[in-house]
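Trainee: Build me a structure from this.
(2 chains)
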There are 2 protein chains.
Amino acid sequence: MAKTCDVAVIGCGAGGYQAAVTAARCGARVALIEREEAGGACLNRACLPKKALAHVASLLVQTRAFAGRGLEGGLHGDVGALLAHDGTLRDELKRGLPRHLKTLGIELIVGHAHLRDPHTIGVAGSQGFARLEARRVILAAGARPRPLAACPVDGDRVVAIDRLIPLLASEPRRLLCVGGGAAGVEAAFLFQTFGCEVTLVTHGPRLLARPVVSERAARLLERTLGESGVTIHKGVSVAATCVDGDGVTVLFDDGREGRFDRVLVAVGSAARADDIGFRALGVQCDSAGFVATAETLETSVPGIYAVGDMKGGPMTAAAALHDGRIAGENAALGAAERRNYHQVPLVIDSVLPLGAVGLSEDMAERAGFAPEVVYIPYGASAKARVQGAGPGFIEIVHDEETGQMLGGCVVGAGADELVHLLLAACRSRRGLWSLADLDYGHPTYGEDMGAALGPYLARLSRTQPMVFRPGIYARAE
Amino acid sequence: MAKTCDVAVIGCGAGGYQAAVTAARCGARVALIEREEAGGACLNRACLPKKALAHVASLLVQTRAFAGRGLEGGLHGDVGALLAHDGTLRDELKRGLPRHLKTLGIELIVGHAHLRDPHTIGVAGSQGFARLEARRVILAAGARPRPLAACPVDGDRVVAIDRLIPLLASEPRRLLCVGGGAAGVEAAFLFQTFGCEVTLVTHGPRLLARPVVSERAARLLERTLGESGVTIHKGVSVAATCVDGDGVTVLFDDGREGRFDRVLVAVGSAARADDIGFRALGVQCDSAGFVATAETLETSVPGIYAVGDMKGGPMTAAAALHDGRIAGENAALGAAERRNYHQVPLVIDSVLPLGAVGLSEDMAERAGFAPEVVYIPYGASAKARVQGAGPGFIEIVHDEETGQMLGGCVVGAGADELVHLLLAACRSRRGLWSLADLDYGHPTYGEDMGAALGPYLARLSRTQPMVFRPGIYARAE
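Mentor: As a prediction, the model looks like this:
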């Protein structure tokens, strides 16, 4: 006999989990099907382990900066102990997950889901076969690492980003990191700080080639990563690799050669094989094979939604969580909320934490605003100075005619939380004034932002109407 | 011949500096008179040195928490090197100060100011005597540490909080810290972490006896400070002290006795002697001798304003900066802006950073709201868990009938900046929704806040009008 539910979610990573929770909170009966490990890439292989590792690596960097200036003795990372500790924590977090689902009345089914029609899902699980009838279905099965023909993974000497943790455990002495995106930069920082000699190559002209990350941010991050010891080659691709006994010989397309213990391939994501049957039902995909969705996250088949890395768009956990909220609500209530990635912060934890949100100067110009950038270097920040926070800055992008807040970027200590204050200002009808009129603790980075805005606001009228646009910033309330 | 200006500010601490800068930005010709060190207590003796020291102490605490769990080796503080480094930084910051004043056209006069009438100030300086005519005057000369009769300071074995840095330099082995307010708690943490054995006594029933700090926050801080090694006695006062050769013998009013290398008296502030002549002009003071002001920060003498520690009210740099903005604008423009300390965050850096703003549950109840508290323990926070952030929590106080955000408190890692997001929500017409509707990076503390609000919002209507009250939260725009 078939079980029935209102919303079935296939995949329990960040996006699927959030979709299930949201739908349940909207009153739907929800089933959540997961084949492998609950928590998905985010909990098991990416966000959480990386946040933990980056924190410890950052403590090493911070304490070294005080050598001879107040901290004596020496610290070094013990990767084995750290990964063991980290695994324990992750197990604890994972154990809490089914319990939390249960309190929300969400049924967690362990098994491999396969769609038979838009409302029927077969599940092959360890306890046999089950059939599930659902009014709506949310696809949340994630993606796989994009392969690189010149650099095939062998799961040992050459691995993809999903094997970051085992790679770290192998403690290579010389690592080649292929890819200059967020994952490559984060990995290069971790390995270098824990004592490995890292070379990073990227085929593009800069690191972090996303529009929301300003040129200035990418340059500072590149410089600081270089100063921390990482060798960076831009505009370079891997041409050929040869794995032998104790390492990998790599030929680059600029004629350079290199010999490494291990190679990490971090060149983005590719669509996963359709082992859950959505293509046979007519769900359309984009040219790269990712599921195509409307702004409501509904696919070409009515009643089937897709979230997170399964579909096109930014491949971050924060974006997947955003998707989960939108699709969960739409699937549960038949609503038509729209996704908007301008309102989802990008956070990257490396030698300098980075948080970016909304429109960069270039994006704002293309969107028809008259952007102006307030630049606040950490060198002028009392807090950054006394805390030895190293380089960093805050950029506040606003419309110079109205003071509307359009976006911002923080590079340096505290970026991951500070970006939220910038986002709140982007969504406020009071724009820059919403930041300038706040009283801040002293000394704080908040205070630095507030103080920097004075001269800009002097030219502006508080009553100039701001241009809130659906898809960029919808007017709040 | 007399110099003339629109606004004369007496004292270049946080409040006076901010008042001068604000008045200058409003178009006034400003003179700023400072007798001792530019930067006042904040830059020279309190906020900035403490932020630096607390950061290094916090690095020690954080790295120790990873012993055997990913960080090997040992670190200890070198107080001498730290203070030397810190002094260098402070000198740099101080050098920048006159330059910044100059770019704003503010004249900095070094000397001892004395009011002759409400518009005439005599200044005795190293380059002789000057007379200054000013349309309006802002008093910003600060306060002095409150003395304790049973524990007279001798500047060596028994010192007040303004001698924190020299006391730290003396590296005592056993310290008695008298006072359980912010200054006492911060000092106890620093000394204990840098290797001293600290006893803290407070006459009150709890630490941090300010209404904005919840009972729960005070309890957690007390417990954690105790676990870090500080011995805490509550409800106890010093009855008698005797300084002899190498230490201080102390008798407490509960019969206990103790012997300490040094004693730090941190029992709040007292009004400073009137060596600038405002009393003779009829400027009224409160019963404790602090200058009395209206909400506009004008004193009983029209045209004379007072800011910061010279007047009653919260004695923090953030409050002084708030005062400076209000008084600077009012003095420059003849405006009538009102001070509002509910909108000024309290930040305390110790074993657990603490940030509090707005109304606590008790305060909200007394103000006639129906307060409800969202409690978010760090034990349930993915970020806190993986970063080993130790105990902590976020409290969000709101009105349960409307969702209006009334205040909040963060105890634990990141508190000093997170409190700003709570404050922004307090000032938003969208209340709790302004936090819940944001997308956050993952994993972050912001995310924990957003997620915790779900069940509370389910009961509320978005269109319920909120009660914005001048003096608590004025309606934005």
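Trainee: now the nearest residue to A:R144 once chain neighbours are set aside, what's its secondary structure?
Mentor: Nearest-residue entry for A:R144: A:R272, 4.9 Å, with adjacent residues in sequence omitted and distances by CB to CB, 6 or more residues apart in numbering or on different chains. Placement of C-beta: from N, CA and C, glycine included. State at A:R272, reduced to three classes by DSSP: H, G, I helix; E, B strand; the rest coil: coil.
Trainee: pLDDT score for A:R272?
Mentor: pLDDT for A:R272: 90.
Trainee: That one is in contact with A:A143, isn't it?
Mentor: Yes. The pair A:R272 / A:A143 is scored as a contact, 5.6 Å apart, by CB atoms under 8 Å.
Trainee: returning to what we had before: how deep is the residue nearest to A:R144 tucked in, by neighbour count?
Mentor: Using other CB atoms under 10 Å in any protein chain shown, A:R272 has 15 neighbouring residues.
Trainee: remind me which residues of the stretch 301-450 of chain A are low pLDDT?
Mentor: For the stretch 301-450 of chain A, no stretch is flagged by pLDDT under 70.
Trainee: and for A:R272 and A:A143, which residues touch both?
Mentor: A:M310 (CB atoms under 8 Å, 6 or more residues apart in numbering or on different chains).
Trainee: could you measure the residue nearest to A:R144 against A:A41, distance?
Mentor: As defined by CB to CB, to the nearest Å, A:R272 lies at a distance of 11 Å from A:A41.
Trainee: Pull up the overlap in contacts between those two.
Mentor: Joint contacts of A:R272 and A:A41 (CB under 8 Å, 6+ apart) are A:G142.
Trainee: Contacts only, for the residue nearest to A:R144.
Mentor: A:R272 touches A:A141, A:G142, A:A143, A:R144, A:M310, counting by CB under 8 Å, 6+ apart.
Trainee: What residues of the helix or strand where A:E372 lies count as buried?
Mentor: Under the criterion of DSSP states H and E, A:E372 resides in strand A:371-377. Residues of strand A:371-377 classed as buried: A:P371, A:E372, A:V373, A:V374, A:I376 (neighbour count, 16 or more other CB atoms under 10 Å in any protein chain shown).
Trainee: max-length helix in chain A?
Mentor: helix A:79-103 (DSSP state H).
Trainee: buried residues in it?
Mentor: Buried, per 16+ other CB under 10 Å, within helix A:79-103: A:V79, A:A81, A:L82, A:L83, A:H85, A:D86, A:L89, A:R90, A:L93, A:L97, A:L101.
Trainee: Kindly report the same for stretch A:338-355.
Mentor: For stretch A:338-355, a neighbour-count test (16+ other CB under 10 Å) marks A:339-355 as buried.
Trainee: Quick one: end-to-end length of that stretch, please.
Mentor: With CA to CA, to the nearest Å as the measure, stretch A:338-355 spans 23 Å from end to end.
Trainee: hmm, it touching chain B?
Mentor: Yes. Residues of stretch A:338-355 are located near chain B by CB under 8 Å from any CB of the partner chain, namely A:Q343, A:V344, A:P345, A:L346, A:V347, A:G355.
Trainee: Doesn't the last one belong to a strand?
Mentor: Yes. Secondary structure assignment (three-state DSSP) places A:G355 inside a strand.
Trainee: and it, what is it in contact with?
Mentor: A:345-348, A:409-410, A:415-419, A:422, B:441.
Trainee: That one bridge partners, please.
Mentor: A:V347, A:V410 (DSSP bridges).
Trainee: ok, it to B:I394 distance?
Mentor: If you go by CB to CB, the gap between A:G355 and B:I394 works out to 19 Å.
Trainee: And the second one, by the same measure?
Mentor: Distance check for A:V344 against B:I394: by CB to CB, it reads 22 Å.
Trainee: again with the fifth one
Mentor: With the distance defined as CB to CB, A:V347 ends up 19 Å from B:I394.
Trainee: Ok, A:R325 next?
Mentor: 21 Å.
Trainee: Of the two, which one has the most company?
Mentor: The residue with more neighbours, out of A:R325 and B:I394, is B:I394; 27 against 23, by other CB under 10 Å.
Trainee: which non-adjacent residue is nearest the more buried one?
Mentor: B:I376 (4.3 Å).
Trainee: what does the longest helix of chain A contact?
Mentor: A:12, A:17, A:20-21, A:32, A:37-39, A:43-44, A:48-49, A:52-53, A:56, A:107-108, A:165, A:168-169, A:171, A:194, B:66, B:68-72, B:382, B:385-386.
Trainee: Report the buried members of these.
Mentor: Counted by 16+ other CB under 10 Å, the contacts of helix A:79-103 give A:12, A:17, A:20-21, A:32, A:38-39, A:43-44, A:48-49, A:52-53, A:56, A:107-108, A:165, A:168, A:194, B:66, B:69-71, B:382, B:385-386 as buried.
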